[in-house]
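J.: Everything below, folded, please.
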Amino acid sequence: MSYAGVTPTARSRAMVRESRHLLFTVAPGATWIIIFLVLPSAYLMGVAFMTNGPYGLPEMPLSLESFRRLAGFGFLGWSPGNLYTLLRSLWQTLVSTGLVVIVAYPIAYYISTCRAKWRPIMLLLVVVPSWTNQVIRTFGWMNLLAPGTPLSGLAESLGLIAPNMGLYPSNFAVTLGLVYNFLPFMVLPLYAAFEKLDTAQVEAAQDLYASPVRAFWHAVFPQTLPGLLAGIVLVAIPAFGMYVIPELLGGGKGMMLGNLVANQFSGGANWPLGAAGAILMLIATFIGLYAMRRIGKRLGGGEEVVI
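T.: Numbers count the residues shown, from 1 in each chain. I've put the predicted structure just below:
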């Protein structure tokens with residue numbers, strides 16, 4: 001706002017009104033973030049550097065023992081169990097995110113090419129399943145993948161599983177559950193990118209006799225890159241720390257980092273170790289965001305992609 005030609009008194013009053021308006025606008029959101037994000041994160045950081053008490057509760061003095069335990073060092077020496085859990089979490093995240101991208105791209109493209117009156121309905125069909133509680137949806141997949149179901153029977157007839165063995169519990173079930181759960185989070189940003197697609201570039205690539213793959217890579221992919229990176233962030237970050245799906249569909253065979261952290265606050269009774277695992281997930285989140293911004297800048301021709 002310009003204050004040219006305004007008296008100092010009126011200018012100060014206007015600035016006070018603007019400050020109050022800004023305060024009332026920002027204060028609710030800032031308060032929410034401080035109470036439910038900043039303070040819990042600060043508390044976890046403090047707990048992670050404390051000593052595990054007799055009943056699993058944190059106590060003084062400060063120590064790095066929780067990080068040593070997280071790295072696999074215990075009373076009997078080094079054990080790779082936690083490292084396997086971390087690597088399994090990374091692998092499941094990479095695989096599920098890649099599969100979500102493969103499935104979401106054609107869905108988002110098809111919806112964007114539908115008639116305008118059908119697009120909201122198609123998007124609603126994609127989003128509606130996520131309105132149901134995640135635990136209920138996961139129990140539904142448990143019933144679909146259990147022994148004796150058509151899907152398990154088909155896998156048994158193809159020799160993929162042993163007789164009378166279902167597809168659940170298994171790492172395959174965990175991956176399938178992650179793909180199903182996070183598919184809408186990839187479809188929506190990709191659809192928004194396809195909505196702004198410049199078809200003239202695609203037509204120009206076709207006029208130059210580019211193959212479908214080259215036309216997609218040079219004309220479609222760069223334009224949908226912001227939506228793709230936003231979808232990867234929305235899928236990969238929560239998938240890395242997922243708890244419900246590995247716990248139910250993995251049946252103890254597919255423990256991920258989120259399960260390891262949750263167990264330390266319940267049956268494992270080691271709050272500092274759980275807090276150290278939560279900090280590791282926060283660090284991985286920041287590294288992932290930084291990597292996505294760098295990749296987006298490189299693939300976007302030097303222009304930084306906002307995530």
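
J.: So which residues of the stretch 101-250 of the chain form helices?
T.: Secondary structure of the stretch 101-250 of the chain, counting by DSSP state H, counting those that start in this stretch: helices at 119-127, 134-145, 150-157, 171-195, 199-207, 212-215, 221-240, 244-249.

J.: Show the subsequent helix or strand relative to the last one.
T.: This points to helix 244-249. helix 257-264 (DSSP states H and E).

J.: Which of the helices of the stretch 101-250 of the chain sits closest to Ser19?
T.: Ranking the helices of the stretch 101-250 of the chain by proximity to Ser19 (Cβ to Cβ) places helix 221-240 first, at 33.3 Å. Yep, even glycine has a C-beta here, placed from its N, CA and C like the rest.

J.: the inter-axis angle of the closest one versus helix 199-207?
T.: 110 degrees (axes from the mean of the first three to the mean of the last three Cα atoms, to 10 degrees).

J.: which helices and strands sit right next to the host helix or strand of Ala276?
T.: Per DSSP H and E, Ala276 falls inside helix 271-299. When contacts are defined as 3 or more Cβ pairs under 8 Å, 6 or more residues apart in numbering; DSSP states H and E, helix 271-299 packs onto helix 39-48, strand 50-52, strand 58-62, helix 65-70, helix 221-240, helix 257-264.

J.: Now do stretch 64-77: distance from first to last residue.
T.: Taking Cα to Cα, to the nearest Å, stretch 64-77 runs 16 Å from one end to the other.

J.: what comes up buried for it?
T.: By 16 or more other Cβ atoms under 10 Å, the buried positions in stretch 64-77 come out as 65-67, 69-70, 72.

J.: Which pLDDT does the model give Ala30?
T.: Turning to Ala30, the model gives it a pLDDT of 87.

J.: Where does it sit: helix, strand or coil?
T.: helix (DSSP: H, G, I helix; E, B strand; the rest coil).

J.: Next one: it relative to Val261, how far apart?
T.: Separation of Ala30 from Val261 (Cβ to Cβ, to the nearest Å): 27 Å.

J.: higher neighbour count, those two?
T.: Val261 (24 against 12; other Cβ atoms under 10 Å).

J.: Nearest spatial neighbour of the more buried one, chain-adjacent residues omitted?
T.: Distances taken as Cβ to Cβ, 6 or more residues apart in numbering put Gly277 closest to Val261, at 4.1 Å, once the chain neighbours are dropped.

J.: hang on, the earlier thing: out of the buried residues of stretch 64-77, show me where the pLDDT dips lowest.
T.: pLDDT across the buried residues of stretch 64-77 is at its lowest for Gly72, which sits at 82.

J.: How about the contacts made by that residue?
T.: Going by Cβ atoms under 8 Å, 6 or more residues apart in numbering, Gly72 touches 78-83.

J.: tell me the phi and psi of it?
T.: phi 110, psi 0 (degrees, to the nearest 10).

J.: same deal with the one 3 residues further on?
T.: Phe75 adopts backbone torsions of phi -60, psi -30, taken as degrees, to the nearest 10.

J.: Lowest average confidence across helices and strands of this structure, where is it?
T.: In the chain, the helix or strand scored least confidently by mean pLDDT, DSSP states H and E is strand 77-78, which has a mean of 74.

J.: just to revisit the earlier point, my read: the residue nearest to Val261 touches Leu260, true?
T.: Yes: assessed by Cβ atoms under 8 Å, Gly277 is found in contact with Leu260 at 5.6 Å.
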